[in-house]
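>>> Sequence and predicted structure, then a few things I'm wondering about:
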Amino acid sequence: MSKKIQSALISVYYKDGLEPLVRLLHENGVKLYSTGGTQTFIENLNIPVTAAEELTGYPSIFGGRVKTLHPAIMGGILYRRDDEGDVAQAKQYNIPAIDLVVVDLYPFEETVASGASEEDVIEKIDIGGISLIRATAKNFKDTLIVSSRSQYADVVKLLAAKGGSTDIEDRRDYAGKAFGVSSHYDGAINSYFLGKEDAALYDFTNLPAQTLRYGENPHQNATFHGDLDGIFEKLHGKDLSYNNLVDVDACVNLIDEFVGGDPTFAIIKHTNACGIATASTAKEAYDNALACDPVSAFGGVVITNTNVDLSTAEELNKLFMEILIAPSFSEDALALLKSKKNRILLKRNAVDLPNVMFKTILNGVLVQDKDLSTEVSEQFTTVTEKAPTASELTALEFALKVCKHTKSNTIVLAKENQLLASGTGQTSRVDALRQAIDKAKAFGFDLTGAVMASDAFFPFADCVEIAHQAGITSVVQPGGSIRDKDSVEYCNANGISMVTTGIRHFKH
């Protein structure tokens with residue numbers, strides 16, 4: 001089933017990377033057909049090319065909406081070379097065979113993302129190109145489809161290695177990729193008309209794929225679909241693993257709560273913050289974050305919202321960490337941090353992240369909006385006789401940001417701009433609080449005057465009672481329990497301030 005390519009139709013939007021493929025086809029004696037700007041591009045290379053209009057007998061009409069939708073072209077792609085009736089009809093109607101089709105579709109998603117008018121968006125819905133892709137992929141027994149500019153280089157290698165021929169396995173593989181391109185493209189159009197955001201994620205299989213060493217455990221296979229290079233510039237270290245990526249995602253979501261603010265460092269272990277602090281300098285922020293739980297920090301993922309300078313790097317270099325993420329590094333800091341062979345150093349680019357989340361469950365998929373709500377002091381409702389002080393309000397805001405990104409059930413204990421401890425992923429809120437208190441004491445923190453944040457309401461007064469005994473003086477929680485008054489009355493009786501937000505932050 002090896003077939004030598006003798007003719008090709010090339011019709012692409014972007015011409016980047018096309019020249020090597022065109023030259024190779026020309027060198028192999030392939031007859032070239034083309035349209036519009038692609039034809040001009042090929043002619044400028046001084047390579048012979050036949051206009052599609054010569055095949056169809058029609059010019060490009062309706063403002064370019066109809067160019068290749070004609071039996072002379074579609075027939076040349078679709079007729080079956082091993083079917084006597086098809087071969088006879090092709091001869092009868094003087095339809096030449098087209099063995100290779102190269103298409104790069106109109107940039108529909110780019111046009112939508114640019115904020116263009118609906119008129120411009122509609123004009124970027126490709127009709128002829130998508131038809132060429134589907135037709136060529138359908139007849140993969142006889143034809144090869146190149147459905148994206150990202151495939152040009154690989155096709156050049158393939159044809160160069162096989163003397164301009166392809167095997168049935170090659171053509172079937174590219175047909176599969178082509179239907180993926182077609183599906184993704186139609187999905188993006190569908191999402192546009194339905195008003196969906198982050199359309200690309202609804203058909204993630206068409207995103208760039210990276211095979212990972214293994215999944216959550218060594219016996220599990222895993223692949224990442226997405227453009228990591230668009231988010232990070234890897235400056236040093238090995239490739240990211242599945243678990244690395246999960247922790248990196250948690251890091252980015254947490255640190256984004258502090259973008260544009262004072263220097264902040266966070267240390268993540270198994271998606272939960274084991275240390276986070278904000279300070280006037282990067283070094284102080286890191287030192288305070290590490291002090292929260294230096295034991296859990298071992299082997300963790302560290303992220304910051306500020307430049308890493310040499311003095312901070314000298315402290316960071318003392319810790320065994322898997323990954324360090326920052327918006328920038330000074331040259332001397334980077335040189336020092338690269339001294340550890342396997343440490344992964346990532347420079348984060350300014351890229352908007354999706355606002356939708358997916359999770360496979362049972363025999364389906366859950367889709368939900370990302371939790372983008374971050375409550376600040378102006379949105380707090382004081383429900384106790386005593387109001388929080390200015391310092392406590394700052395600490396409550398800080399604790400609530402951390403709480404939002406910690407596994408439920410969770411309790412977060414903090415002082416102004418520093419996490420003291422958290423209870424994470426517990427089956428009861430009381431257990432989460434006790435875990436947090438025990439951890440804080442284990443690392444020498446005095447909880448007198450500290451604040452407490454809870455991801456959900458208190459069904460009983462037991463948590464505020466335990467918190468009070470530990471020295472907590474102010475509390476933030478969503479509120480909404482039918483027994484809220486029990487907790488409020490205890491706070492009033494013991495001089496504790498409490499505010500509610502009306503927003504729950506479960507995280508499972």
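Cool, got the structure.
>>> Quick check: Met452 vs Lys269, distance?
22 Å (Cβ to Cβ, to the nearest Å). The way it works is simple: take the backbone N, C-alpha and C, and place the C-beta from them, glycine included.
>>> tell me which residues in the least confident helix or strand in the chain by mean pLDDT are buried?
Scoring the helices and strands of the chain by mean pLDDT, DSSP states H and E places helix 52-56 at the bottom, with a mean of 84. Buried residues in helix 52-56, counted by 16 or more other Cβ atoms under 10 Å: Ala52, Glu53, Leu55, Thr56.
>>> from memory the second one sits against Val66, does it?
No - Glu53 lies out of contact with Val66 (Cβ atoms under 8 Å); the separation is 11.3 Å.
>>> what residues are shared contacts of those two?
Shared contacts of Glu53 and Val66 (Cβ atoms under 8 Å, 6 or more residues apart in numbering): Ser60.
>>> neighbour count winner among Met452 and Lys269?
For Met452 and Lys269, the more surrounded residue by other Cβ atoms under 10 Å is Met452, and the numbers stand at 31 against 20.
>>> From Thr264, how far off is the more buried one?
Taking Cβ to Cβ, one finds Met452 at 21 Å from Thr264.
>>> Then His184?
For His184, the distance to Thr264 - Cβ to Cβ - is 37 Å.
>>> where in the chain is pLDDT low?
196-203, 205-206 (pLDDT under 70).
>>> list the helices and strands the longest helix seen in it packs on?
Using DSSP state H to define each element, the chain has its longest helix at helix 168-194. Helix 168-194 is packed against helix 108-113, helix 128-138, strand 144-146, with contacts defined by 3 or more Cβ pairs under 8 Å, 6 or more residues apart in numbering; DSSP states H and E.
>>> hey, C-alpha coordinates of whatever helix or strand comes next after the first one in PDB?
So the one you mean is helix 108-113. Downstream of helix 108-113, the first helix or strand assigned by DSSP states H and E is helix 118-123. Output of helix 118-123 as PDB, limited to C-alpha atoms (Å, rounded to 0.1, in the frame of the first residue of the first chain):
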ATOM      1  CA  GLU A 118     -18.900  39.200  14.700                       C
ATOM      2  CA  GLU A 119     -18.800  39.900  10.900                       C
ATOM      3  CA  ASP A 120     -15.000  39.300  10.900                       C
ATOM      4  CA  VAL A 121     -15.400  36.200  13.100                       C
ATOM      5  CA  ILE A 122     -18.000  34.700  10.700                       C
ATOM      6  CA  GLU A 123     -15.700  35.300   7.700                       C
END
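>>> what packs against helix 118-123?
By 3+ Cβ pairs under 8 Å, 6+ apart, helix 118-123 packs against helix 108-113.
>>> Just checking the distance from the helix it packs on to the centre of its chain.
Relative to the chain's own centre, helix 108-113 is displaced by 18 Å; criterion: Cα atoms, centre = their mean, to the nearest Å.
>>> Show me which residues of it are buried.
Phe108, Glu109, Thr111, Val112.
>>> if we can go back for a sec, among the buried residues of helix 52-56, which pair sits farthest apart?
Glu53 and Leu55 (7.3 Å; Cβ to Cβ).
>>> follow-up on the earlier one: return the closest of the buried residues of helix 108-113 with respect to Met1.
In terms of Cβ to Cβ, no member of these lies closer to Met1 than Phe108, at 34.4 Å.
>>> how close does the closest one get to Pro48?
Counting by Cβ to Cβ, the gap from Phe108 to Pro48 is 32 Å.
>>> Now do the contacts for Thr306.
Pro263, Thr264, Ala282, Ala285, Ala326, Pro327 are the contacts of Thr306 under Cβ under 8 Å, 6+ apart.
>>> Keep only those of those that are in helices.
Ala282, Ala285.
>>> Could you dump the contacts of Thr306 into a markdown table and include distance to Ala414 and neighbour count?
Shown next, in a markdown table, are the contacts of Thr306 (distance: Cβ to Cβ, whole Å; neighbours: other Cβ atoms under 10 Å):
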| residue | distance to Ala414 | neighbour count |
| --- | --- | --- |
| Pro263 | 17 | 21 |
| Thr264 | 13 | 26 |
| Ala282 | 20 | 25 |
| Ala285 | 14 | 26 |
| Ala326 | 23 | 26 |
| Pro327 | 24 | 16 |
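>>> which among the contacts of Thr306 gets closest to Glu392?
The shortest approach to Glu392 among the contacts of Thr306 belongs to Thr264, at 19.5 Å (Cβ to Cβ).
>>> do you know how far the residue of the chain most remote from its centre is from Ile323?
The C-alpha centroid of the chain is most remote from Gln92, which lies 52.6 Å away (Cα atoms, centre = their mean). Separation of Gln92 from Ile323 (Cβ to Cβ) stands at 65 Å.
>>> And for Asp352?
Distance, Asp352 to Ile323, using Cβ to Cβ: 22 Å.
>>> Comparing the two, which residue is more hemmed in?
Per other Cβ under 10 Å, whichever of Asp352 and Ile323 has more neighbours is Ile323, with 22 against 7.
>>> didn't that one look like it was pressed against Leu245?
No - using Cβ under 8 Å, Ile323 makes no contact with Leu245, being 9.9 Å away.
>>> Quick one: the strands in the stretch 151-300 of the chain, in order.
165-166, 209-211, 223-225, 232-236, 264-269, 272-278, 300-304 (DSSP state E, counting those that start in this stretch).
>>> Which of those sits closest to Pro96?
strand 165-166 (18.7 Å).
>>> list the buried ones in stretch 323-336?
Ile323, Leu324, Ile325, Ala326, Pro327, Phe329, Ala333, Leu334, Leu336.
>>> next one: stretch 268-283
Within stretch 268-283, judged by 16+ other Cβ under 10 Å, the buried ones are 268-269, 271-279, 282-283.
>>> Let me know the closest of those to Ile482.
Asn272 (30.0 Å).
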